[in-house]
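*Asks:* Got a sequence here, can you build the structure:
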Amino acid sequence: MFVRSFAGVPVLVHFAAWILVGCFSSVRAPAADKDSGPATAASEERSGEGLRPNRNPINYPTPYPPASVEQIEAILRRVHGYLETATPIRIQNADTKQPVPDLSRLPPRVAIQSDDFRLVSYEWGVTYAGMLLASEITGDSRYRDYAARRLDLIAKLAAHAKAQGEAATLPTEPIEMRRSQLRPVLAPRSLDDCGAMCAAMIKAQRSGASTELRPWIDNFIAFISKAQMRLADGTLARNRPLANSLWLDDLYMSVPALAQMGKLTHDPSYFDDAAKQIIQFNQRMFVPEKKLYMHGWVEGMSDHPAFHWARANGWAIMAAVELLDVLPEDHPARPKILEILRAHVRGLAAVQGADGLWHQLLDRPESYAETSGSAMYVFAIARAINRGWIDSLAYGPMVSLGWNAVAQKVNTHGQVEGTCVGTGMGWDPMFYLYRPVSVYAAHGYGPIFLAGAEMIALRKGKGAEAAIRDGGLHFGHTPPAW
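*Replies:* Numbering: from 1, shown residues only. Sure thing, here's the model as predicted:
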């Protein structure tokens with residue numbers, strides 16, 4: 001027997017121990033370890049590459065496996081439950097401030113009582129659209145009912161106010177004018193007043209969820225088409241903060257409404273105007289080197305500092321997919337809109353954060369991760385995959401991770417955390433990087449419903465076979481193991 005020792009241990013014993021460790025380390029971990037979280041599950045998938053689940057856990061900051069339909073639906077139900085309590089339908093006498101319990105006996109001047117969120121706002125127009133889509137895809141009527149009850153109420157109260165005479169029913173003080181939730185319906189003064197609400201109303205009208213909305217649809221679309229200021233070439237613009245300014249936000253505050261009106265009326269001029277807006281905003285504001293949009297552009301400014309604000313890029317990509325969804329296949333602008341969409345998706349893919357979210361300033365990872373913009377990208381990219389406009393193999397994993405990250409921002413109460421508050425246009429980084437976040441920033445709620453609904457469609461369709469293989473997430477069918 002060989003009796004020399006190594007480090008005080010007989011060589012024969014040391015060698016035998018090494019063999020035993022090697023044998024047992026090749027045995028798969030007990031089933032109980034599978035419940036330790038997504039990182040361990042991913043490690044198990046990679047055991048053939050040398051990783052061992054008990055020795056090399058991967059501490060992902062976000063769950064890695066694709067969310068199931070049931071998991072996504074649970075998030076949507078939680079947010080809906082919160083909004084049902086946070087946005088009750090409460091009407092009051094505008095003069096006495098007393099509640100109006102009987103909607104069949106309205107006083108001459110009525111008002112919608114404001115709670116955590118305003119029922120008439122561009123943010124809530126997105127929320128109504130998201131609820132309608134969630135109901136369409138899941139078959140769950142609770143979302144449709146939420147939108148229909150509130151849109152029907154808005155239409156009823158607006159009709160009542162108009163019958164009384166707008167001069168008698170609308171407030172005259174500037175502060176009260178801003179607070180009034182009926183003023184934007186009766187007398188819109190900006191794209192923010194009417195674009196998203198108009199698009200949601202048309203979707204509700206087309207789906208049959210509501211049927212008395214057409215007078216207000218016509219009122220909104222007339223402002224967008226005929227009253228909103230434009231540049232000489234017809235591009236929608238604002239005279240704030242500087243004269244002849246373009247806000248990227250205005251693509252969503254106009255294009256979906258114009259596109260939906262084209263679908264509702266079969267009038268091609270609405271499609272033409274919607275396509276023109278996307279193309280002409282793109283010519284001025286898309287930065288080809290980064291494949292991202294700047295937030296603002298001002299006519300006459302020689303150089304434009306490019307701040308790639310997350311939510312503004314979200315408004316832009318959502319406007320593109322909303323238009324493509326209803327734009328006739330033979331429309332001459334369709335190839336260009338698809339080209340614009342695909343370039344933007346490539347740019348967004350390049351700046352997704354390590355945890356799956358996108359940053360407040362997209363190309364500045366030192367800025368905070370922002371929820372509303374991230375949810376907008378998940379919706380738009382998932383829809384582009386579902387419609388076959390982009391490759392599911394390339395972008396499915398990215399959007400799956402994005403949804404998982406967004407879902408983590410929904411707290412136990414159903415509130416959406418990490419959403420930037422309303423933001424104007426700025427020309428310096430500090431303006432954007434120090435904008436507050438709040439669960440009461442209404443911009444985060446509609447995109448959650450849009451993203452969740454479209455992800456459910458993806459998981460039932462082109463993403464049905466998505467799974468972790470060789471450690472990474474892959475969409476599409478994998479040949480039998482060899």
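*Asks:* Tell me what Trp309 is bridged to.
*Replies:* With DSSP bridges as the criterion, Trp309 is bridged to Leu361.
*Asks:* unless I'm mixing things up, it is touching Phe431, no?
*Replies:* No: with contact defined as Cβ atoms under 8 Å, Trp309 does not count as touching Phe431 (9.6 Å). (Each C-beta comes from the backbone N, C-alpha and C, glycine too.)
*Asks:* So for these two, which residue has more residues nearby?
*Replies:* Trp309 (29 against 14; other Cβ atoms under 10 Å).
*Asks:* Per-residue pLDDT of the more buried one, please?
*Replies:* Note for Trp309: predicted pLDDT of 98.
*Asks:* What of the one 4 residues further on?
*Replies:* Listed pLDDT for Asn313 reads 98.
*Asks:* likewise Gly476?
*Replies:* pLDDT, Gly476: 87.
*Asks:* and if you look at Arg179?
*Replies:* If you check Arg179, the pLDDT there is 65.
*Asks:* can I assume Gly463 is in contact with Gly396?
*Replies:* Yes: assessed by Cβ under 8 Å, Gly463 is found in contact with Gly396 at 5.5 Å.
*Asks:* Now do stretch 184-201, average pLDDT.
*Replies:* pLDDT averaged over stretch 184-201 gives 96.
*Asks:* Then stretch 324-341?
*Replies:* Rounded mean pLDDT across stretch 324-341 is 98.
*Asks:* Quick one: end-to-end distance for it.
*Replies:* 9 Å (Cα to Cα, to the nearest Å).
*Asks:* Which residues outside it are in contact with it?
*Replies:* For stretch 324-341, the surrounding residues in contact (Cβ atoms under 8 Å, 6 or more residues apart in numbering) are 259-260, 262-263, 268, 271-272, 274-276, 278-279, 282, 286, 317, 320-321, 323, 383-384, 387, 389-390.
*Asks:* In strands only, show me those.
*Replies:* Phe286 (DSSP state E).
*Asks:* among the contacts of stretch 324-341, which are in helices?
*Replies:* Using DSSP state H, 259-260, 262-263, 268, 271-272, 274-276, 278-279, 282, 317, 320-321, 323, 383-384 are the members of these that sit in helices.
*Asks:* Quick check on those residues: which are buried?
*Replies:* Among those, the ones that count as buried by 16 or more other Cβ atoms under 10 Å are 259-260, 262-263, 271, 274-276, 278, 282, 317, 320-321, 323, 383-384.
*Asks:* Show me what the longest helix anywhere in the chain is packed against.
*Replies:* Scanning the chain for the helix with the most residues, using DSSP H, yields helix 141-164. Other elements packing on helix 141-164 under the criterion 3 or more Cβ pairs under 8 Å, 6 or more residues apart in numbering; DSSP states H and E are helix 69-86, strand 110-112, helix 122-138, helix 183-186, helix 191-207, helix 214-222.
*Asks:* how is this protein carved up into domains?
*Replies:* 1-66, 69-349 (automatic domain parsing).
*Asks:* Mind putting the ones you listed into CSV with distance to Gly418?
*Replies:* As requested, the domains of the chain are exported to CSV (distance: least, Cβ to Cβ, whole Å):
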stretch, distance to Gly418
domain 1-66, 13
domain 69-349, 11
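*Asks:* What strand or helix carries the residue nearest to Gln360 when sequence neighbours are not counted?
*Replies:* When the adjacent residues along the chain are set aside, Gln360 lies closest to Ser367, with 4.1 Å between them (Cβ to Cβ, 6 or more residues apart in numbering). Here Ser367, judged by DSSP states H and E, is contained in no helix and no strand.
*Asks:* how close does Ser367 get to Tyr432?
*Replies:* 7 Å (Cβ to Cβ, to the nearest Å).
*Asks:* Common neighbours of these two, please.
*Replies:* Going by Cβ under 8 Å, 6+ apart, residues that sit against Ser367 and also against Tyr432 are Gln360, Leu361.
*Asks:* joint contacts of Trp309 and Phe431?
*Replies:* Common neighbours of Trp309 and Phe431 (Cβ under 8 Å, 6+ apart) do not exist.
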